[in-house]
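**Q** Starting from these lines, generate the structure:
(one chain, ligands or ions: 1)
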Amino acid sequence: MKIGILNIQGDVSEHFHMIQRLKGKYHVEPVNVKTLADLKDLSGLIIPGGESTVIYKILKKSGLYETIKEKAGSGMYIMGTCAGAILVSRDTGDKTVEGMDLIGITIKRNAYGRQIDSSIQTIDIKNTGKFEAVFIRAPRIESADGSTVLASMDGYPVMVREKNILAMTFHPELTGDERVHEYFISMIES
Ligand code: GLN
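**A** Residues are numbered from 1 along each chain as shown. Now for the predicted structure:
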């Protein structure tokens, strides 16, 4: 199956390589997604971390925003990481980035401030276990109505799932640990 990596800005190649590395273990093929045509026949799409305001603007301009929203509504699996989590959220409280409302989370950009502007924290992911999570100017999930919380930190969710949508506020593509990507693949396969 084809897994797209939204290639606008941010950690595109890291996610691409992660899926490429998993090719031997699962029937997956990474695909660069830049245009509407690239969305054809995808089973899943990864929206990487980066700068959500920039990604948002280009998504809107290219028509990808509406089409991704539509496809997710009819079952395409999406994994949004950091800026990607902001983009799939219900409410950002921020006019410069409007979430696609694919998952019922309220999220606040850059909410952790200086202390964890960037840091690596050990989190505990449900059914996966301990995971070194890299946070870079991370947003905070303030509420997660209707979604399953898979991991939390300091009382706030950092990884959530609702139906075909998976969102996390850290960067699973940066540590070489493939388990979050494997979890996303298993969501699609089951
Ligand atoms: N602070 C960024 C934003 O609001 C997200 C940071 C990230 O993706 N690492 O877009």
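
**Q** Which parts of this structure are helices?
**A** Shown for the chain, the helices assigned by DSSP state H span residues 12-21, 52-62, 64-73, 83-88, 179-189.

**Q** tell me the most buried of these?
**A** Neighbour counts (mean count of other C-beta atoms under 10 Å) averaged over each of those peak at helix 83-88, with a mean of 28. C-betas here are computed from N, CA, C, even on glycine.

**Q** helices or strands up against that one?
**A** Other helices and strands packing on helix 83-88, by 3 or more C-beta pairs under 8 Å, 6 or more residues apart in numbering; DSSP states H and E, are strand 42-47, helix 52-62, strand 77-81, strand 103-108, strand 165-168.

**Q** Need the helices of the chain in a markdown table (columns: distance to the ligand and mean pLDDT).
**A** Output for the helices of the chain, formatted as a markdown table (distance: least, C-beta to the nearest ligand atom, whole Å; pLDDT from 0 to 100):
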| stretch | distance to the ligand | mean pLDDT |
| --- | --- | --- |
| helix 12-21 | 12 | 98 |
| helix 52-62 | 3 | 98 |
| helix 64-73 | 15 | 98 |
| helix 83-88 | 4 | 98 |
| helix 179-189 | 15 | 98 |
